[in-house]
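# Structure for the following, please:
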Amino acid sequence: MKLWDKGFSIDKQIENFTVGNDREIDIHIAKYDVQASLAHAIMLDSIGIITTDELADLKKGLQELATDIENGDFVIEPSFEDVHSKIEWELTNKLGEVGKKIHTARSRNDQVLVALQLYYKENLAIVNDKVKTLFDTLLSLAETHKDSLLPGYTHLQVAMPSSFGLWFSAYAELLIDDVYVLNAVSKVVDQNPLGSAAGYGSSFPIDRELTTKELNFATLKYNVVAAQLSRGKSERSIAAALGGLCNTMARFAMDVCLYMSQNFGFISFPDELTTGSSIMPHKKNPDVFELIRGKCNKIQALHSEMLLITNNLPTGYHRDFQLLKENIIAAFEDVKDILDIFNYSIQQVIVKDIDLNDEKYQYLFTVDSINNLVVEGMSFREAYQKIGSQVQEGTYKPDLGKQHSHLGSIHNLGLDKIAEKYPK
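Okay, the predicted model is just below:
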């Protein structure tokens with residue numbers, strides 16, 4: 001069954017190419033199509049297109065489908081193009097003629113659009129919750145290890161003293177920036193496109209404000225052309241937001257891999273969280289964090305893909321939009337998994353004691369030594385030259401006891417301020 005069936009058969013090779021793997025992808029949006037169909041049916045009843053009894057039948061049929069989807073019993077067989085044709089067939093098969101009425105005043109275009117918007121809206125909220133969990137974990141680790149010093153690097157050269165507290169809370173605060181963007185994108189997708197039909201509205205007197213309320217959208221995408229044009233724009237916005245979050249996690253994962261290596265030796269993990277080598281029995285590989293890094297870098301490329309698919313499409317619906325679904329949904333599923341495994345793994349990090357008296361860290365405190373001379377009355381430039389001469393001559397002796405008191409520094413992390421800053 002095809003929603004556009006006009007009584008003739010399409011070439012099988014053409015059909016296979018145009019359907020692609022929509023059936024597999026559409027499982028992710030099945031429950032949202034049911035939700036939208038229910039809201040649409042309620043609206044059709046309100047304007048007299050269907051009767052109250054027919055609405056009751058449709059409610060019952062849609063609830064049964066929602067239960068099947070929730071239980072994993074819903075299957076889109078090869079005889080169906082997509083989830084939308086499957087759901088309409090099921091309703092018609094169970095309810096008879098009333099099932100055929102559910103498509104009145106809507107197009108498959110706005111069916112797909114509203115189901116995706118609902119999927120995006122809910123999954124952005126899920127991602128947001130998982131980011132908050134990771135944020136809380138990082139702040140807790142920062143508090144636990146706030147007194148554990150860590151060499152800071154610039155240009156991958158030993159630079160200035162840092163701490164594990166500073167490191168963990170740095171990535172916690174970066175997550176706040178990612179949440180700002182996620183929240184902005186949530187507003188973009190929280191607009192009801194249902195009723196735009198094929199992109200130019202309907203001659204039926206549909207009540208789009210009613211479906212907006214039924215589906216719990218914050219507002220309506222009023223202009224029907226704008227509603228259709230939002231397809232692609234929403235995906236580009238989401239890809240940018242997920243990409244920004246993944247950039248934070250990829251950089252953090254790179255730090256973890258670097259700090260685990262023997263040349264740094266700052267952290268470790270329990271054996272059961274690492275993998276080994278098939279020929280080198282001593283290996284403890286950070287495969288989880290390497291895969292996080294790789295997956296996150298892959299997701300960061302998604303925005304370019306979304307942009308190139310939709311960049312110069314003229315007004316109206318185009319089949320190119322079908323290609324947006326697969327990778328944007330896959331990105332959501334991957335990001336949720338990445339956040340879960342990152343949080344699970346980083347909680348078990350083993351922070352090692354670092355001997356800052358080690359020769360390779362002997363110049364870690366040169367800036368503190370300069371500052372000591374400035375406090376004693378010497379100009380900064382003269383103090384810089386004096387300490388620089390000591391370094392060149394090999395006579396420099398570090399002062400390991402300097403306290404950094406300003407907000408956001410080693411000895412004043414401001415964790416409470418960072419926690420307060422997190423978007424409510």
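# Please make it C-alpha for all contacts and neighbour counts, starting now.
OK.
# Show the average pLDDT along stretch 139-155.
For stretch 139-155, the mean pLDDT works out to 96.
# What of stretch 247-255?
Mean predicted confidence for stretch 247-255 is 98.
# Quick one: residues in contact with that stretch.
For stretch 247-255, the surrounding residues in contact (C-alpha atoms under 8 Å, 6 or more residues apart in numbering) are Y171, L174, L175, F289, E290, I292, R293, G294, C296, N297, Q300.
# Neighbours of the fourth one, how many?
When neighbours are counted by other C-alpha atoms under 10 Å, F289 registers 24.
# what residues are up against it?
Taking C-alpha under 8 Å, 6+ apart as the test, what F289 contacts is A253, M254, V256, C257, F342.
# now the helices for the stretch 251-400 of the chain?
Ranges of helices within the stretch 251-400 of the chain are 287-300, 302-310, 322-346, 366-375, 380-393, based on DSSP state H, counting those that start in this stretch.
# Let me have those helices in CSV, adding distance to K187 and mean pLDDT as columns.
Output for the helices of the stretch 251-400 of the chain, formatted as CSV (distance: least, C-alpha to C-alpha, whole Å; pLDDT from 0 to 100):
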stretch, distance to K187, mean pLDDT
helix 287-300, 21, 95
helix 302-310, 18, 95
helix 322-346, 17, 95
helix 366-375, 46, 94
helix 380-393, 50, 96
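# Any of the contacts of stretch 247-255 buried? List them.
Among the contacts of stretch 247-255, the ones that count as buried by 16 or more other C-alpha atoms under 10 Å are Y171, L175, F289, E290, I292, R293, G294, C296, N297, Q300.
# Quick check: the farthest pair among these?
Pairwise distances across the buried ones among the contacts of stretch 247-255 (C-alpha to C-alpha) peak at 19.7 Å, for the pair L175 and E290.
# How is the protein divided into domains?
With the TED database as the criterion, the domains of the chain are listed as 12-104, 109-351.
# Could you give the separation between the terminal residues of the last one?
Which is domain 109-351. 53 Å (C-alpha to C-alpha, to the nearest Å).
# Distance from the chain centre to it, please.
Centroid separation for domain 109-351 versus its chain: 2 Å, with C-alpha atoms, centre = their mean, to the nearest Å.
# Report the central residue of this protein.
L242 (3.9 Å; C-alpha atoms, centre = their mean).
# I figured S162 was touching I410, is that so?
Yes: counting by C-alpha atoms under 8 Å, S162 touches I410, with 6.1 Å between them.
# Which one of the two is surrounded by more residues?
I410 (23 against 20).
# Can you name the residues in contact with stretch 406-416?
Contacts with stretch 406-416, where a contact means C-alpha under 8 Å, 6+ apart, come from 139, 142-143, 146-147, 162-163, 165-166, 169, 403-405.
# One more pass at 6 Å, please.
H404, S405 (C-alpha atoms under 6 Å, 6 or more residues apart in numbering).
# before we move on, the earlier item: show me the one in the contacts of F289 that has more neighbours than the rest.
Neighbour counts for the contacts of F289 peak at A253, which has 23 neighbours (criterion: other C-alpha under 10 Å).
# Look at L273 and report its pLDDT.
pLDDT, L273: 76.
# hmm, I was thinking of T211
Predicted confidence (pLDDT) for T211: 97.
# What of the one 4 residues further on?
L215 is assigned a predicted lDDT (pLDDT) of 98.
# gap between it and T52?
L215 is 20 Å from T52, by C-alpha to C-alpha.
# Neighbour count for these two, which is higher?
L215 (19 against 15).
# For that one, grab phi and psi.
phi -90, psi 0 (degrees, to the nearest 10).
# any idea which of the contacts of stretch 247-255 is closest to P270?
Compare each of those with P270 using C-alpha to C-alpha and the shortest gap goes to F289, at 13.8 Å.
# Tell me which residues of stretch 396-404 come out buried.
Across stretch 396-404, burial judged by 16+ other C-alpha under 10 Å covers Y396, P398.
# Which strand or helix spans G48?
Assigned by DSSP states H and E, G48 falls within no helix or strand.
# Count the neighbours of it for me.
Applying other C-alpha under 10 Å, we find 11 residues neighbouring G48.
# One more: I102?
Residues lying near I102 (other C-alpha under 10 Å) number 22.
# now the one helix or strand E420 maps to: mean pLDDT?
E420 belongs to helix 415-421 when elements are defined using DSSP H and E. Across helix 415-421, pLDDT averages out at 98.
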